[in-house]
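Below are the sequence and a predicted model for it; my questions follow.
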Amino acid sequence: MAEKKVFFKSLKDLPKEDFFVQGHRACSGCGETIAVRLIMKAVGPNCIVITPTGCLEVVSSPYPYTSWAVPWYHVAFENAAAVASGVEAGLKALMRKGKLEKKRIHVIAIAGDGGTADIGLQALSGALERGHDFLYVCLDNEAYMNTGIQRSSSTPYGAWTTTSAVGKIMLGKLQWKKNMPAIAAAHDIPYVATACPAYPLDLVNKAKKAVEIDGPAYLHVLTPCVPGWRILSNLSIKIARLAVQTGIFPLYEVEDGRLHVTVKVPKRKHVKEYLKLQGRFAHLTDDEIEKIQKRVDMESEKLGLGPRET
Amino acid sequence: MEKFKLNPKPTWKELPIASMIPQPATSRFYKTGDWRSFRPVVDKKKCTRCGLCWVYCPDGAIRIVEDGSYDVDLDYCKGCGICAEECPVKAISMVEEVEE
Amino acid sequence: MAKRIAIECSHAISLAAKLANVDVVAAYPITPQTHIVEKLSEYVADGELDAEYINVESEHSAMSACIGASAVGARVFTATAGQGLALMHEMLFIAAGNRLPIVMAVANRSLSPNLNIWGDQSDMMASKDCGWIQIYAENAQEVFDFTLQAFKIAEDERVMLPVAINFDGFYVTHVIEPIVALDQEEVKKFLPPRKIPSYALHPDHPTTWGPIGLPDVQTELKRQLEEALRNSKTVIKEVWKEFGDMFGRYYDFFEPYRLEDAEIAILMMGGHCGTARIAVDKLREKGEKVGLIKLRLFRPFPDEELIKLTKNLKVLAIVDKAFSPGGLGGPVFTEVKALFYDQKIKPEIVGFIAGLGGRDIRVDEFMVAVERAKKVLMGEKIDKGFMFLQVRE
């Protein structure tokens, strides 16, 4: 039975210091950077962060400017989990052989949805199966945003992207969003969780819990993207909150195989509250929206979320 | 390690090995504040010091002042407006940056 | 105390990695190198080698894991071949560009298609521009010695580059040969533990590795890499001399055979030099002034040394076990031809492609190559300057 420890009772318990610092080149209102800033406060300076190619990497490391106050490594696009495996193993061996002072150093991979669910899936699966002691955070802005909004397997049904274009015969992405947390959980790892920056206390506690766990942990964070979702820059948090309140992005933990919802939604808002604020869904017909609603109803029932608001 | 010079155009001998950046947090030298068109203004009388603006700022551009109040760090604020949108007591308003 | 033992060449490499006390091994199997990683697994399971053994799920991840482990300061080793090396291609450039002293054993294997598990040099040659130091071995003793030396060369502060030790798949990997195996004490004296760099990944001194580099810095980064490879020639010579002084086996960039008064020489890398020596002896019996130059170091290319070595030759017959389709011949051939362009005195340089996909190059085939090279000297040029030695027409 996992410890019911709460690391941060309130947001004021977070360190004032930033480990992901000012001056990064992210867009105004970027949801990803809100999440990273908070996760890094929760984790602290005693870590090594590995990021694959993507928005986070590009905005935080244009030579000679780096937004990282912790050791950080960008290698390539598809191998964050493999590099993290190597870092973890290297530290383990060096400490065991007395070449490095023995102390726990958290190894964290922070990747986008492209670098996780698509090109990075093999490396992630390998690292999870081998049981390395590391945390894998997927920052999900639901497309390959850094290269100009191309579709990933994490892009939701019906969304416009440049490679799931909206035209006369096809209306956005034709497939449902890939369930990455379920894939991670299927590897029987000790901890899987979903989180969202609109629920910051839930997010920082999950990040801290995940990083303290012995073995692999997976954290999937929904992070709105201003240009990619076609939203106003001041609505990133509001839209992230609606994703949870409509049941589209439920917040839960899977610990040792058992799932429990961490942010209860007693009455789910209609999905159109969420969709109508985003230009990437502007083309959806009422029928399409109902299709999405039915799917969310079905998924929410499975998770035991509340009924839909009428 | 030699003291790192923040030069985006070093010679090949000055460039650190493997082009790494040997000093942490050098992006603080890059002031993103000139990106914005709107600037947040905090009404400190309305402010309840809940800290949500500080939590939600993507750029860490909300500072906690010595007296415990919250202020905007204009060096880095990109003017996204999330702080104004999320403030529970609407103590922050977005004011257009006008050329003097 | 060094011991003379009989050992399969693959296992000689595992033994060398064990004696080098590597910290991390990234292991993915592929014929014909699999015996290397299997033996290492046994060593780790028995507690004979204290290392983290990562069973990665592909070669690309093998090199990625090596990169991660090397970045924190660990001594890292892996092995691959053919398709596996091709899969790691992207990561090879990053390993070299990030100046990580990884040592990799490459059991040279033909690249598909066809699916061919046997030995030629097309795998390493397809990635020759990756920035790694590339050394070619002929036999088990060389592979054993080179692997140990590789760590010392790679970890030298003037170098800080990964090293690939190449050897023929099956012809060398699977052969049991006698070698003089050094013991742990001797290796400890020659090869101290890796010094963790001051800029290694560690929270005590945070550094940012792998930034995005605008056009403003790319040229400078590549020039640094070039300098490191040029420096490595000096370091390789130093390490080889030190090894020789300590253990009595001296190595050089080239191993000449009966070259003193030769007018024609075969130049090649790898295990088939053994067969070539027999061909040289047979031709000498016939009165031909033939010799052999075995090339050991491909990158950095030992240009000045080759010019000195070949100054009395009339013909250089270069046998490559790889080639560039649609190009001007095999990799060693094109490299040497480019080298001699500026020289006032140059031998006739003739290229032969042989040994592809593990086809054995026989003594008489080497003799045919030498005869054909002699004809070029008489004016019978070969179209494009090179030919396939063994193709059935």
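Noted; the coordinates are in hand.

At which residues are the helices of chain B located?
Per DSSP state H, chain B carries helices over the ranges B:52-56, B:82-86.

Near residue C:55, how many residues? Count them for me, please.
15 (other C-beta atoms under 10 Å in any protein chain shown). C-beta here means a position set from N, CA and C on the backbone, and glycine is covered the same way.

ok, it touching residue C:29?
No. Using C-beta atoms under 8 Å, residue C:55 makes no contact with residue C:29, being 9.4 Å away.

shared neighbours, those two?
Shared contacts of residue C:55 and residue C:29, defined by C-beta atoms under 8 Å, 6 or more residues apart in numbering or on different chains, are not found at any residue.

Minimum distance to residue A:13: which of the helices of chain B has it?
helix B:52-56 (11.6 Å; C-beta to C-beta).

near chain A at all, that closest one?
Yes. Under the criterion of C-beta under 8 Å from any C-beta of the partner chain, chain A is reached by helix B:52-56 at B:52, B:55, B:56.

Relative to chain B, how far out is residue A:304?
With the distance defined as C-beta to the nearest C-beta, to the nearest Å, residue A:304 ends up 29 Å from chain B.

Smallest distance to chain A belongs to which residue of chain C?
residue C:68 (2.6 Å; C-beta to the nearest C-beta).

Run a quick neighbour tally on residue 258.
I went with chain A, as the question did not name one. Residues contacting residue A:258 under the criterion other C-beta under 10 Å number 9.

Wait, chain C was what I had in mind.
Neighbours of residue C:258 (other C-beta under 10 Å): 16.

and if you look at residue A:309?
13.

Just give the closest residue to it, not the sequence neighbours.
Excluding the flanking residues, the one nearest residue A:309 by C-beta to C-beta, 6 or more residues apart in numbering or on different chains is residue A:267, at 4.5 Å.

What's the local residue count around that neighbour?
Residues lying near residue A:267 (other C-beta under 10 Å) number 12.

what's the answer for residue C:11, then?
20.

what's the answer for residue C:192, then?
Neighbour tally, residue C:192, other C-beta under 10 Å: 11.

Might you report the residue contacts of residue 80?
If you meant another chain, say so; for now it's chain A. Residue A:80 touches A:50, A:51, A:52, A:109, A:110, A:111, A:115, A:116, A:120, A:123, A:124, A:136, counting by C-beta under 8 Å, 6+ apart.

Actually, chain B is the one I wanted.
So residue B:80 contacts A:28, A:29, A:30, A:226, A:233, A:234, A:236, B:58, B:59 (C-beta under 8 Å, 6+ apart).

The last one and chain C: what is the separation?
Think residue B:59. 19 Å.

One more: the first one?
In this structure, residue A:28 lies at 20 Å from chain C, with C-beta to the nearest C-beta as the measure.

now that residue, what's its secondary structure?
When classified by DSSP: H, G, I helix; E, B strand; the rest coil, residue A:28 comes out as coil.

quick one, phi psi at it?
As for residue A:28, its main-chain torsions (degrees, to the nearest 10) stand at phi -60, psi 120.

May I ask you to confirm that it is in contact with residue A:226?
Yes. Distance between residue A:28 and residue A:226: 6.9 Å, which falls inside the contact criterion (C-beta under 8 Å).

what residues are shared contacts of those two?
The contact lists of residue A:28 and residue A:226 share A:233, B:80, where a contact means C-beta under 8 Å, 6+ apart.

In contact with the residue in the stretch 201-310 of chain A that chain C sits nearest to, which residues?
Among the residues of the stretch 201-310 of chain A, residue A:211 lies closest to chain C, at 13.2 Å counting by C-beta to the nearest C-beta. Counting by C-beta under 8 Å, 6+ apart, residue A:211 touches A:42, A:43, A:47, A:106, A:108, A:135, A:217.

Which of those fall within strands?
Under the assignment DSSP state E, these contribute A:47, A:106, A:108, A:135, A:217 to strands.

Go ahead and confirm the last one touches residue A:185.
When you say that, I think you mean residue A:217. No. Using C-beta under 8 Å, residue A:217 is not in contact with residue A:185; the gap is 11.2 Å.

Who has more neighbours out of those two?
Taking other C-beta under 10 Å, residue A:217 and residue A:185 do not tie; residue A:217 has more neighbours (26 against 19).

give me the beta-bridge partners of that one?
residue A:135, residue A:191 (DSSP bridges).

So for residue B:91, what's the nearest residue that isn't a sequence neighbour?
residue B:46 (3.7 Å).

how many other residues sit next to that neighbour?
12.

Spit out the contact partners of it.
With C-beta under 8 Å, 6+ apart, residue B:46 has these contacts: B:89, B:90, B:91.

Apply the buried test to these and list what passes.
Using 16 or more other C-beta atoms under 10 Å in any protein chain shown as the burial test, the contacts of residue B:46 include residue B:91 as buried.

what ranges do the strands span in the stretch 1-150 of chain C?
For the stretch 1-150 of chain C, applying DSSP state E, counting those that start in this stretch gives strands covering C:3-8, C:24-27, C:52-55, C:76-80, C:103-108, C:133-136.

Of those, which is nearest residue C:392?
Across the strands of the stretch 1-150 of chain C, closest to residue C:392 is strand C:103-108 (C-beta to C-beta), at 23.2 Å.

In the sheet, which strands lie alongside the closest one, parallel or antiparallel?
strand C:76-80 (parallel), strand C:163-168 (parallel).

Model confidence for the most centrally placed residue in chain A, exactly?
Nearest to the geometric centre of chain A sits residue A:221, at 2.5 Å (C-alpha atoms, centre = their mean). Note on residue A:221: pLDDT of 98.

Now do the contacts for it.
Contacts of residue A:221 (C-beta under 8 Å, 6+ apart): A:35, A:39, A:137, A:138, A:139, A:140, A:194, A:195, A:196, A:197, A:203.

7 Å - rerun?
Residues in contact with residue A:221 (C-beta atoms under 7 Å, 6 or more residues apart in numbering or on different chains) are A:35, A:137, A:138, A:139, A:140, A:195, A:196, A:203.

Adding distance to chain C and mean neighbour count as columns, could you present the helices of chain B in CSV?
Below are these laid out as CSV (distance: least, C-beta to the nearest C-beta, whole Å; neighbours: other C-beta atoms under 10 Å in any protein chain shown):
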stretch, distance to chain C, mean neighbour count
helix B:52-56, 23, 22
helix B:82-86, 26, 24
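
interface residues of the stretch 151-300 of chain C facing chain B?
By C-beta under 7 Å from any C-beta of the partner chain, the part of the stretch 151-300 of chain C that sits against chain B consists of C:160, C:198-199, C:206-209, C:211, C:213, C:216-217, C:220-221, C:223-224.

can you give me the strands in chain B?
B:38-42, B:62-64, B:70-72, B:92-96.

Can you list the neighbours in contact with the helix or strand containing residue A:295?
Per DSSP states H and E: residue A:295 is located in helix A:286-303. With contact meaning C-beta under 7 Å, 6+ apart, helix A:286-303 is reached by A:157-158, A:176, A:246-248, A:250, A:252, A:261, A:268, A:270-272, A:275, A:308.
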